[in-house]
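> Sequence and predicted structure, then a few things I'm wondering about:
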Amino acid sequence: MKTAASPRPTKQSQREDASMQWMRRIAATGFLLGSIMAAGPAQSADNYPSRPIRLVHGFAAGGAADTLSRIVADGLSKKLGQPVVVEAKPGAGGNIAADAIARAEPDGHTIGLVTGAHAISAATYKSLSYQPTESFDMISTLVYYALVIAVRNDYPAKSLGELIAMAKEKPGALSFGSVGFGSTHHLAGELLNAMAGTEMVHVPYRGDSQSITALLGGEVPVIIGTPVLLAAQIQSGAVRGLAVTSPTRTALLPNVPTVEEAGVKGYDVRTWAGLLAPKATPPAIVAALNAATLEILKESEIKNRLETAVGGEVRGSSPEEMKKLIQSEIAKWSGVVEAAKIPKI
């Protein structure tokens, strides 16, 4: 008995079969790519770090950010087993460095140290090439510290109260230097203007060292700087610290009164430093960096070096806590900028 011959495939059925085969290939390729992508971060985290880590900050060499970066880099190098190389990219209140960090490969081999100026930039710039919170994965805060309002030792004002009186007598005649426009130092001076009723004019410099040089050379009568460099000048007698910006005196400069003690009630400016990474850094790597950071902050040697460097308080955090801090700081300084009528750039 003859079996029925199979129907001859039509051109349409041939096209359908080819189409199904093509779709199956696409599906298989997609599955393979998805598997590779899913495995990639885990593999990277397992091998992390596989080469030296770059730690970028946005201020001049020798200043507080640079000093803190080098202390932290030393601790992380030992903890992670790879060199952590500090790279300074000063300018624009830390924005140049922040942009470089945001654009870096998100593999954990580029991280950044930012200060309170990171949040202030959102309040003082019309637009930024990055988003202060959304362009980064936060790692941990490191330390909180006050600033110092200082004059040259031979300056007529012997106290902050006397300086305020002089500034009120000649509105706009006195100037104060800072580490740059949009820095915490800058807005600390603007907040003092607003709360004390003065009109001192801001003069930006590129870092603490330049502002101190300008003060000693007579370019500006007043600067707002960090204790890390001013302490030595104050102790030598070349500079007089008029006030610290925190609500309590600092351990590094116990004889320098607070702004509130000088009569400006409610004045409180404390900056901070913290670590972050480019957005989309694998969560496992962020977690490893957070764990390593919190571990070194508990080491007495690192803790003492950090606190001595800025006369502040070491305080680590979770990534989520650091993000909330920056968000709250943006809201605070936006209010100061608006109240002081500071034009955005």
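Nice, thanks for sending it over.

> Start from the N-terminal end of the protein and give the helices.
11-46, 64-80, 95-103, 117-124, 160-169, 184-196, 208-216, 227-236, 283-298, 300-310, 319-340 (DSSP state H).

> which one of these lies closest to residue 145?
helix 300-310 (3.8 Å; CB to CB). The way it works is simple: take the backbone N, C-alpha and C, and place the C-beta from them, glycine included.

> burial of the residue nearest to residue 182 when sequence neighbours are not counted, as a residue count?
Leaving aside its chain neighbours, residue 182 sits nearest to residue 93 (3.2 Å; criterion: CB to CB, 6 or more residues apart in numbering). A count of nearby residues for residue 93, using other CB atoms under 10 Å, gives 29.

> centroid residue for the protein?
residue 114 (1.4 Å; CA atoms, centre = their mean).

> wait, what's in contact with that one?
By CB atoms under 8 Å, 6 or more residues apart in numbering, residue 114 lies in contact with 57, 58, 94, 97, 98, 273, 274, 275, 276.

> which one of those sits closest to residue 307?
The nearest one, if we look at these relative to residue 307 and count by CB to CB, is residue 273, at 11.9 Å.

> now residue 145: how far from residue 252?
9 Å (CB to CB, to the nearest Å).

> Would you mind telling me which of those two has more residues around it?
The residue with more neighbours, out of residue 145 and residue 252, is residue 145; 29 against 22, by other CB under 10 Å.

> I figured that one hits residue 310, correct?
Yes. Between residue 145 and residue 310 there is a contact under CB atoms under 8 Å: 3.8 Å.

> Common neighbours of those two, please.
If you check residue 145 and residue 310 against CB under 8 Å, 6+ apart, the residues they both contact are 64, 226, 227, 273.

> which one among these gets closest to residue 265?
Distances from residue 265 to the shared contacts of residue 145 and residue 310, taken by CB to CB, are shortest for residue 227, at 23.0 Å.

> Okay, that closest one and residue 149: tell me how far apart.
Residue 227 is 11 Å from residue 149, by CB to CB.

> Ok, residue 233 next?
13 Å.

> quick one, what contacts residue 241?
Going by CB under 8 Å, 6+ apart, residue 241 touches 148, 149, 150, 230, 234, 253, 255, 256.

> ditto for residue 293
72, 76, 139, 140, 142, 275, 316.

> residues shared between the contacts of residue 145 and residue 252?
Common neighbours of residue 145 and residue 252 (CB under 8 Å, 6+ apart) are 227, 310, 311.

> Buried subset of those, written for PyMOL?
To isolate the buried ones among these in PyMOL, judged by 16 or more other CB atoms under 10 Å, type:
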select buried, resi 227+310+311
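
> Can I get the shared contacts of residue 145 and residue 252 in a markdown table including pLDDT?
Converted to a markdown table, the shared contacts of residue 145 and residue 252 look like this (pLDDT from 0 to 100):
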| residue | pLDDT |
| --- | --- |
| 227 | 82 |
| 310 | 84 |
| 311 | 82 |
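
> hang on, the earlier thing: now for the shared contacts of residue 145 and residue 310, which sits with the most neighbours around it?
Going by other CB under 10 Å, residue 226 tops these with 31 neighbours.

> surely it meets residue 273?
No. Applying CB under 8 Å, one finds residue 226 not in contact with residue 273, separated by 10.6 Å.
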